[in-house]
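Engineer: Got a sequence here, can you model it:
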Amino acid sequence: MTALIVLAVLVAVIFLLFGAAKLFALAPMRERAAHAGFSVGAYRVIGALEIAGAAGLLLGLAVPVLGFLAGVGLLLLLAGALVTHVRNRDRGSDLVPALGCAALVVGYLVVLGVSA
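Structural biologist: As a prediction, this is how the structure comes out:
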């Protein structure tokens, strides 16, 4: 159970921070949105989804099905991020954050499944 709590909080904090940066349209996020071919409004929607996913992971500590659904949703967002990076022919180092977050979310889902 401790591993589940640690992973849920870690992943939630990561997505809360990145989601808030997108939602508030901070300058670096506006630049990333333009580079990715998204409007600032679309990037804000992605940020809101990231925040919702973070909340779902934390709620999943009490209601595991919510955590599972949030984890799957975050993986879908990360798949979209990877597709966008590949489409834009970004360097391999630009893929590392999305791949690292995906690994953490998969780890969370595995631990969630084991503890269920």
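Engineer: contacts and neighbour counts: CA atoms only from here.
Structural biologist: Noted.
Engineer: Around the residue lying closest to Met1 once chain neighbours are set aside, how many other residues sit close by?
Structural biologist: Closest residue to Met1 apart from its sequence neighbours, by C-alpha to C-alpha, 6 or more residues apart in numbering: Ser115 at 6.7 Å. Using other C-alpha atoms under 10 Å, Ser115 has 11 neighbouring residues.
Engineer: With Val40 instead?
Structural biologist: The burial count assigned to Val40 is 20, neighbours taken as other C-alpha under 10 Å.
Engineer: so what's it scoring on pLDDT?
Structural biologist: Looking at Val40, its pLDDT reads 95.
Engineer: Which residues are in contact with it?
Structural biologist: Listed by C-alpha atoms under 8 Å, 6 or more residues apart in numbering, the contact set of Val40 reads 25, 30, 33-34.
Engineer: Could you report the distance from the residue nearest to Met1 to Leu77?
Structural biologist: Distance, Ser115 to Leu77, by C-alpha to C-alpha, to the nearest Å: 25 Å.
Engineer: likewise Val65?
Structural biologist: Separation of Val65 from Leu77 (C-alpha to C-alpha): 18 Å.
Engineer: same thing with Pro28?
Structural biologist: 19 Å.
Engineer: Those two: which is more packed in?
Structural biologist: Set side by side, Pro28 and Leu77 show more neighbours around Leu77, with 18 against 11, by other C-alpha under 10 Å.
Engineer: tell me the contacts of that one?
Structural biologist: Per C-alpha under 8 Å, 6+ apart, neighbours of Leu77: 46, 50.
Engineer: Tell me the spacing between it and Arg87.
Structural biologist: 15 Å.
Engineer: Val6 too?
Structural biologist: From Val6 to Arg87 the distance is 33 Å (C-alpha to C-alpha).
Engineer: what helix or strand does the closest residue to Leu4 other than its chain neighbours sit in?
Structural biologist: Nearest non-adjacent residue to Leu4, counting by C-alpha to C-alpha, 6+ apart: Val111, 5.9 Å away. Using DSSP states H and E, Val111 falls within helix 92-115.
Engineer: which parts of that helix are buried?
Structural biologist: Within helix 92-115, the residues that count as buried by 16 or more other C-alpha atoms under 10 Å are 95, 98-99, 101-102, 104-109, 111-112.
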